[in-house]
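> I would like to see how this sequence folds:
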Amino acid sequence: MSKSASKIMTVRTASGITRIRRQVVPALAIALAASLAGCANRDSITVGSVPDDYRTTHPIVIAEKNQKIDLPVGAGDRGMTGAQRDTLLGFLDGYDKGAAPSLTIAIPRGSANEVAALVAGRDFARVAVADGIKRNRIVMTSYQSDVPEASAPVRVAFVAVRAQTDKCGRWPEDLAETSENKHYADFGCSYQNNLAAQVANPNDLLGPRKQSDIDAENRGAVIDLYRSRGISNEFLGNSEVTY
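Numbers count the residues shown, from 1 in each chain. Below you'll find the model as predicted:
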């Protein structure tokens with residue numbers, strides 16, 4: 001057991017000098033304990049009031065995603081139509097010719113439009129080649145139709161690297177439960193999905209691109225033009241802000 005701190009006091013009285021030993025309470029230890037107790041309470045309140053980050057809850061990830069489109073073909077069609085061609089070209093705008101993934105054209109088998117779909121699928125392949133896709137990257141395949149009496153579409157697909165996040169619409173808890181002062185589970189999901197869909201080059205989310213070379217000639221021409229005319233009054237008038 002540790003000994004308590006003590007202090008000897010000297011008291012002068014009429015009969016002489018008397019020495020008194022008195023127990024001394026460690027004030028520093030009491031102050032430290034009080035400060036720690038106050039910090040613990042304050043930290044609990046502060047941490048509970050900080051909301052979660054939606055970027056952590058719904059992170060945007062860069063991954064491969066299957067891009068596909070179903071092109072309907074009528075049983076009486078004889079080749080590709082103009083509407084099918086426009087739709088296919090719009091779909092192929094997202095094809096990365098630098099990466100050159102395989103373009104799959106799946107023809108329905110056992111459907112009412114099997115013959116028409118085969119002819120249209122060959123036309124789709126020719127349009128893809130004319131659009132700049134290499135012929136050896138086009139794969140013609142087939143799939144079994146579920147309903148033989150119905151017309152099945154021609155499925156065109158390729159794999160591309162896309163920015164994406166999880167699906168929205170998760171509501172695991174009651175929105176009225178706000179005792180923890182945190183946002184709800186679906187908070188920020190739509191924003192993250194819209195941002196991921198608007199990114200033309202997903203690699204831009206990973207890091208900045210390399211700077212392009214400086215056009216010294218164009219830079220010199222711009223500086224010379226600025227020096228020759230100075231700052232015009234029209235520029236100053238349009239630049240000033242009055243309240």
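
> how distant is stretch 94-113 from the center of its chain?
Relative to its parent chain, stretch 94-113 has a centroid offset of 28 Å by C-alpha atoms, centre = their mean, to the nearest Å.

> which residues in the protein form helices?
Ranges of helices in the chain, per DSSP state H, are 27-49, 54-57, 82-92, 114-130, 189-198, 216-229, 233-239.

> now for the fifth one, which elements pack on it?
In this case it means helix 189-198. Packing contacts for helix 189-198, counted by 3 or more C-beta pairs under 8 Å, 6 or more residues apart in numbering; DSSP states H and E, involve helix 54-57, strand 154-164. The C-beta positions use only the backbone N, C-alpha and C, and glycine is treated the same way.

> Ala125 is in contact with Met140, isn't it?
Yes. Taking C-beta atoms under 8 Å as the definition, Ala125 is a contact partner of Met140 at 6.6 Å.

> Neighbour count: the two, which is higher?
Ala125 (18 against 14; other C-beta atoms under 10 Å).

> mind checking how far the more buried one is from Asn113?
Distance check for Ala125 against Asn113: by C-beta to C-beta, to the nearest Å, it reads 17 Å.

> Now do the shared contacts for Ala125 and Met140.
Counting by C-beta atoms under 8 Å, 6 or more residues apart in numbering, the common neighbours of Ala125 and Met140 are Ile105.

> What's opposite Ile138 in the beta bridge?
Beta bridges link Ile138 to Leu103, judged by DSSP bridges.

> so how far is Asp86 from it?
Distance of Ile138 to Asp86, given as C-beta to C-beta: 19 Å.

> Which residue of these two possesses the greater neighbour count?
Ranked by neighbour count (other C-beta under 10 Å), Ile138 and Asp86 place Ile138 first, with 18 against 10.

> Let me know whether the more buried one touches Ala100 as I believe.
No. Between Ile138 and Ala100 there is no contact under C-beta under 8 Å: 10.7 Å.

> just checking, Lys97 touches Arg137?
No. Judged on C-beta under 8 Å, Lys97 makes no contact with Arg137 at a distance of 9.3 Å.

> These two - which one has more neighbours?
Each of Lys97 and Arg137 has its neighbours counted (other C-beta under 10 Å); Arg137 has more, 16 against 12.

> which residues sit in contact with the residue sitting nearest the centre point of the chain?
In the chain, the C-alpha nearest the mean C-alpha coordinate belongs to Ile60, at 2.8 Å (C-alpha atoms, centre = their mean). Contacts for Ile60 (C-beta under 8 Å, 6+ apart) come out as 163-165, 192, 195-196, 205.

> so where's this structure shaky on pLDDT?
1-51, 230-243 (pLDDT under 70).

> try 50 this time
Applying pLDDT under 50 to the chain flags residues 1-3, 24, 41-50.
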